[in-house]
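Q: Got a predicted structure here, sequence first:
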Amino acid sequence: MGKYFNNNEGATLIVVLLVMVVSMILMTSLLSLSLSDTVMAVNQEKNLQAEYIAKAGVDIVAHDIISNPDNYTSEKLPKTISNTVIGEGSFSAEVRMESNDIFIESEGKVDDSNQTVFLNLGKASFKDIFNGIQQTGEDDLDIDSLDITYEDDSTVSIEANVDNLNKIHMSSDQESDPNIKASINNESPGDVVIPSHVASEGAISGTTTISGDHYYTSIKTKNKDIITFDTNGLEQVIIVDEIDFTGPKSEVKIIGGGVLHLYILDEGIIQSGIDVNESNPALFFIYLKDGANLDLQAGGTATMYVFGPNATIQMNSSETMIKGAVIGKILQKNSGGGTNNGPHGKFHYIPLPDDYTGDGILKYEKKYYSN
């Protein structure tokens, strides 16, 4: 009997030892798994932080590109932004141009964790830029003396760079019209891009037809003159220091079914009507160099899209009419100042085609992100 019990006690001891060994192995494995999970969780958190920082970095660079597009032209790219600190990490970015798009590659870092985010910026659609009336200067915008209409059921945007909507002065009819929307817009609509050009070809006056691209010191109408811009179905570029379309009974015509881009470097005065051939539709854009002035006097009527974010645009008379869209730093009746000095006359908003994008305006917008 004693021998049996001794053997049984030995077997029990072996079982206990085996249980203890197995338990230690299990505890060690669980501890190892726990530590591994902790490390993985920490790494995942750092990777997530690095991705957030990369995304923040790409947005910071995109904001600078949208606000200052002149700093990111093809001649100034590629460009590198190195080790900019955000929170507990940092980002580095590379900016490059491919075709007409800008690509931003931003790498976020947190300790040993790296994540990369890409953003594609494309040129803004002219339809989005020319969406009604926009004043970029900080003065009040007075449009209560402007008769505003619109094409079909389109919505006219009235935008001003002000700090509250009370500084956009509208008539009661304008305020009650659901298709006329006033809003604050403190963002730049883009920059005017003056094409490179050769020396001036001098002045043009009298009845004439202008085809092709040119740079003139002035284009003027006299009594009963007819000046015709023939686009020949193409994108015609005319650069001029000054235009003066005030000749009595004179006419200005745009024909050919293409697009006329008229860059005014100094001053423009339009009193004659400008006929944009609607039977063979053409588009007419006026770009005003910074500091330029466009004066639309009595009878100055045109279907056109005016872009002068750092220029002055005057609509002086109830007989003045613009069909299209207008963007300017100062929109006024005349330079005399005083009350009720907002633009006078008529404005009829006509939306542009959805996909039209020209070279005269440098503005980018976000298109898509990727990892």
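A: Yes, it's here.
Q: Going along the chain, name the strands of the stretch 51-200 of the chain.
A: 79-86, 89-98, 101-110, 113-123, 132-135, 141-142, 146-150, 156-160, 168-169, 180-184, 191-192 (DSSP state E, counting those that start in this stretch).
Q: Could you tell me the model confidence score at residue 111?
A: For residue 111, the model assigns a pLDDT of 92.
Q: follow-up on the earlier one: need the strands of the stretch 51-200 of the chain in JSON lines (columns: mean neighbour count).
A: The way it works is simple: take the backbone N, C-alpha and C, and place the C-beta from them, glycine included. Below are those laid out as JSON lines (neighbours: other Cβ atoms under 10 Å):
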{"stretch": "strand 79-86", "mean neighbour count": "13"}
{"stretch": "strand 89-98", "mean neighbour count": "19"}
{"stretch": "strand 101-110", "mean neighbour count": "21"}
{"stretch": "strand 113-123", "mean neighbour count": "19"}
{"stretch": "strand 132-135", "mean neighbour count": "26"}
{"stretch": "strand 141-142", "mean neighbour count": "23"}
{"stretch": "strand 146-150", "mean neighbour count": "18"}
{"stretch": "strand 156-160", "mean neighbour count": "22"}
{"stretch": "strand 168-169", "mean neighbour count": "19"}
{"stretch": "strand 180-184", "mean neighbour count": "16"}
{"stretch": "strand 191-192", "mean neighbour count": "18"}
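Q: Redo those strands as CSV? Include distance to residue 232.
A: Below are the strands of the stretch 51-200 of the chain laid out as CSV (distance: least, Cβ to Cβ, whole Å):
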stretch, distance to residue 232
strand 79-86, 39
strand 89-98, 30
strand 101-110, 29
strand 113-123, 25
strand 132-135, 31
strand 141-142, 39
strand 146-150, 31
strand 156-160, 33
strand 168-169, 41
strand 180-184, 37
strand 191-192, 25
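Q: can you give me the strands for the stretch 201-350 of the chain?
A: 203-205, 208-211, 214-220, 226-230, 235-245, 251-255, 259-270, 274-276, 283-288, 293-296, 301-315, 321-332, 345-349.
Q: quick one, which of the ones you listed is nearest to residue 147?
A: Among those, strand 345-349 comes nearest to residue 147, with 4.5 Å by Cβ to Cβ.
Q: who does that closest one pair up with?
A: strand 146-150 (parallel), strand 321-332 (parallel) (DSSP bridges).
Q: the inter-axis angle of the shortest one versus strand 301-315?
A: On the basis of axes from the mean of the first three to the mean of the last three Cα atoms, to 10 degrees, strand 146-150 is oriented at 140 degrees to strand 301-315.
Q: if we look at strand 146-150, which residues are touching it?
A: 133, 156, 158, 174, 177, 179-180, 315, 342-350 (Cβ atoms under 8 Å, 6 or more residues apart in numbering).
Q: Just the buried ones out of the residues you listed, please.
A: Buried subset of the contacts of strand 146-150 (neighbour count, 16 or more other Cβ atoms under 10 Å): 133, 156, 158, 174, 177, 180, 315, 342-350.
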